[in-house]
Structures are given as C-alpha cells and as structure tokens.
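S.K.: I would like the atomic coordinates for the input below:
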Amino acid sequence: MNEGQLASPARDYLRELDRVLIGVDATTAAELRGGIAESLQGLNEADAVTRIAELGDPAFVAASARDVHPIDATGSAEPHPTNTTPRTGTSSVAYLLSALAVYALAGFLLPVIGWIGGVVMLWASPTWRRGEKWAATLIPLVLCAVVIGFGLSAAFGAAAGIPRRFATYAEDPNPLLPGSYDVLWSSIVAAWLVLPLTASGVGVWLLVRGLMSTGRLQPASPRFAIAAALAFALGGFVLPVVGWFVGFAMVSASAIWRRWQKIVAAVVPIAAAVAAITVSATIAAQAPGIVDDPTGSFQVPNPLLAQPLLLQWNIPLALWPILPAAATLVAAWLLIEVQRRRSTQNPPSTA
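M.R.: A predicted model of the protein is given here:
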C-alpha cells in the first residue's frame, strides 16, 4: 500500500498510532495498523476525518491491543484524557441498545408505529452517521413496498385470467393465481411481519456499526472477520435476504478483506439469484400448452408453466435457497483468505 496517497489526516493518525503502539506485540501491532491503514485508503480529507472519529483516539486503540490502559509519560498506567468521560444520554451504550431494541422489536408489538418510534430514537443519537440512519429508515420501507407490489401483481394476474387465445376458458380464472383480496393481506403481512423482520436484520448491522463507533469493536480483529463470514453464509438461511444483508454488512465493516473481495462477496450471490430468475422466466415464456386431444383440436394451457405471471412465485425461491447457498461458497473463500492472512503474518517458527 502506498501510504503517500493517503489524506493528510490519515497520515497523521497513522504516525501517532505508530508512536503509541511501541511496546505492543509486533504481530498484533502490524495486524492492527495494517487493517486501519487499509480502512483509510482512498478516502478524501472529510471522509478520513469521519473514519478517524469512528476509530477513536490512537492511545485508546493501542490500549485495546494491549488490553490495558495506555501508559503516560511518567510511566504510570492511566486512561487517556479523551476517554475518561463516559458516554451519556443519546451517546451512551445503554441508549444505543435501547434504540435498537425498539427499532427491531417494537414493530411486532405495535405494527408500524413501534418501528417509527425506533427510527426516531436512531435519528436522535449521534452514534450513527446520517447515511446509516437513512439506510435503517429506507430499507424496511422498500422491502414492504416490494411485498405489497407482489400482492398487487398477483391480483392483476388473477383478474386477467387465462390468456384469450384459449377462448373456451377465457372467463375462467387461473386457480393457481391469488385473488384481488391478496393485496390487502400482502399489506397486512408487510406491515406486521416484513417490516419488523427487516428491521431486526438491519438492527444487527446498526449494532455492529454502533459498537465500532464507540470503540468497543475493532474492525481489524480476525475473530470479528470469522463471525462476519459465518453470518454472511448462514444469515440468509435463517432470515431470507435480510440475514444475508446483515452478514454482508459485517463483512463490509471488517478491515481484514480488501475492497475488491468485498465487492465479489456482494456480486456473486446476487448474480446467482438473478441468473436463477432469468432461467425461470425463459422456461415460463417458452412453455407449451397441454394437448388433451391427440388430433390437436382441443387444447388448454399448462397451468404450471404457460403463465408468465407465475414467475413471481419463483423469485422467493431464488432468494431463499440460491442466494444464501452462493453466499456460503463465497464465505468459505473469505474464511480461507482470513486463514491465509494470519499464516502470512504469523509464519511457523523453525526449530
């Protein structure tokens, strides 16, 4: 890494970090410094200042590496002055946990309104950045809109019935497509189930970001990287799509992997799901009808394949088994990268 290309605040931070890391185990210090330097790479001055504020004072970072308080100039172990004042009010860890609990769980008890209360508490705290607050606000709403749109499209499909080219059955609805009342039920499910479930997944991501902001979680930790890879692999099976998003958020927060590796982790599962949906659409569009009369004079549509609107039911199938399955393969690669990096930084000693 060419540190000469770092922004001026980033270079100053690394120089101060080198000074306070004197006396820390060389391997630990190198791993910690390398992860922080990588997280500062490519940032402009404003973004670098924001990132440095998240990382915390270099003396506090060094103290975390030693697992003791930093040593002052007199040689006595005392906490750094900038960290002696505990976080209070909306900046405290207690408020962080309370806000996340309301954000993630209140929607189950009081649909929509409980979730709005959690959003208000999030925006009142300076722990999270504005972009994180916007993500926490918009992601559940977008997924709810998708679910409602899913029910709306199903209702339109039911109203359309069987294609007009099958004149004998033109007035009969397709029994495999839901009725128009499903729009109402889709809205209820979205408000009561999808919204708080999505908020629960986003809440895990906010917890990770909040703990990093308060200095209680170090992004360069290999243990955090392993936990992130496991969440990335298994989260989508436990909570479809949202669980995968949580794992990806943790992978993105880790300083172990490079930026291109994080991009691969995001693109591969999404590409696999899109490919599955594309194949399903192709099969649905080209599916033949069923010929009951050998002479071909009597023909009805195939209710399983000849309706392109049934493609919408294949989308959840692509997002549940295919997306997390592809994420599991990527997570295995990420874990191998963690082990390879640890082996490189800790070569076996020769007797």
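S.K.: any chance you could map the helices in the stretch 251-351 of the chain?
M.R.: All helices of the stretch 251-351 of the chain, identified by DSSP state H, counting those that start in this stretch, fall at 259-286, 311-317, 323-345.
S.K.: can you check the stretch 101-250 of the chain too?
M.R.: Using DSSP H, counting those that start in this stretch, the helices of the stretch 101-250 of the chain run over 113-124, 130-160, 182-189, 195-213, 222-238, 242-253.
S.K.: Reformat the ones you listed as TSV; add distance to A94, mean neighbour count and mean pLDDT.
M.R.: For glycine as for every other residue, the C-beta is placed from the backbone atoms N, C-alpha and C. What follows is the helices of the stretch 101-250 of the chain, written out as TSV (distance: least, C-beta to C-beta, whole Å; neighbours: other C-beta atoms under 10 Å; pLDDT from 0 to 100):
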stretch	distance to A94	mean neighbour count	mean pLDDT
helix 113-124	12	18	94
helix 130-160	19	16	78
helix 182-189	33	16	68
helix 195-213	12	23	84
helix 222-238	22	21	89
helix 242-253	22	24	85
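S.K.: picking that back up, which of the helices of the stretch 251-351 of the chain sits most buried?
M.R.: For those, the largest average neighbour count (mean count of other C-beta atoms under 10 Å) is found in helix 323-345, namely a mean of 17.
S.K.: List the contacts of A233.
M.R.: G247, P324, A327, T328, V330, A331, A332 (C-beta atoms under 8 Å, 6 or more residues apart in numbering).
S.K.: 6 Å - rerun?
M.R.: The contact partners of A233, by C-beta atoms under 6 Å, 6 or more residues apart in numbering, come to A327, T328, A331.
S.K.: Please tell me how far the closest residue to it other than its chain neighbours sits from A37.
M.R.: Using C-beta to C-beta, 6 or more residues apart in numbering and skipping the chain neighbours, the partner closest in space to A233 is A331 (3.5 Å). As judged by C-beta to C-beta, to the nearest Å, A331 and A37 stand 25 Å apart.
S.K.: Quick check: nearest residue in space to E16, chain neighbours excluded?
M.R.: The nearest residue in space to E16 (C-beta to C-beta, 6+ apart) is P58, at 4.5 Å.
S.K.: Read off the pLDDT value for the one you found.
M.R.: Looking at P58, its pLDDT is 75.
S.K.: Next, give phi and psi for P126.
M.R.: For P126, the backbone dihedrals (degrees, to the nearest 10) come out as phi -80, psi 0.
S.K.: what about it, neighbour count?
M.R.: Around P126 there are 10 other residues, counting by other C-beta atoms under 10 Å.
S.K.: Name all residues that make contact with it.
M.R.: Counted by C-beta under 6 Å, 6+ apart, P126 has contacts S91.
S.K.: cool, P58 as well?
M.R.: Per C-beta under 6 Å, 6+ apart, neighbours of P58: E16, L17, V20.
S.K.: Now do the closest residue to the last one other than its chain neighbours, the pLDDT please.
M.R.: Put plainly, it is V20. If the residues on either side of it in the chain are set aside, V20 comes closest to A62, at 4.1 Å by C-beta to C-beta, 6+ apart. pLDDT for A62: 74.
S.K.: now A62: how far from R19?
M.R.: From A62 to R19 the distance is 9 Å (C-beta to C-beta).
S.K.: Tell me which of those two has more neighbours.
M.R.: More crowded of A62 and R19, by other C-beta under 10 Å: A62, with 26 against 11.
S.K.: returning to what we had before: looking at the contacts of A233, which is nearest V189?
M.R.: Ranked by distance to V189 (C-beta to C-beta), the contacts of A233 are led by A327 at 25.0 Å.
S.K.: Wait, that closest one touches P269, no?
M.R.: Yes - here A327 reaches P269: they are 4.4 Å apart, a contact under C-beta atoms under 6 Å.
S.K.: Where does the prediction get shaky in the stretch 1-150 of the chain?
M.R.: Residue ranges of the stretch 1-150 of the chain with pLDDT under 70: 1-4, 23, 59-60, 63-64, 66-88.
S.K.: same thing but 90
M.R.: By pLDDT under 90, the low-scoring segments of the stretch 1-150 of the chain are 1-94, 107-112, 126-132, 139, 142-150.
S.K.: got it, and the stretch 201-350 of the chain?
M.R.: For the stretch 201-350 of the chain (pLDDT under 90), the answer is 201-225, 227, 235-236, 238-243, 245-246, 248-260, 274, 276-321, 337-350.
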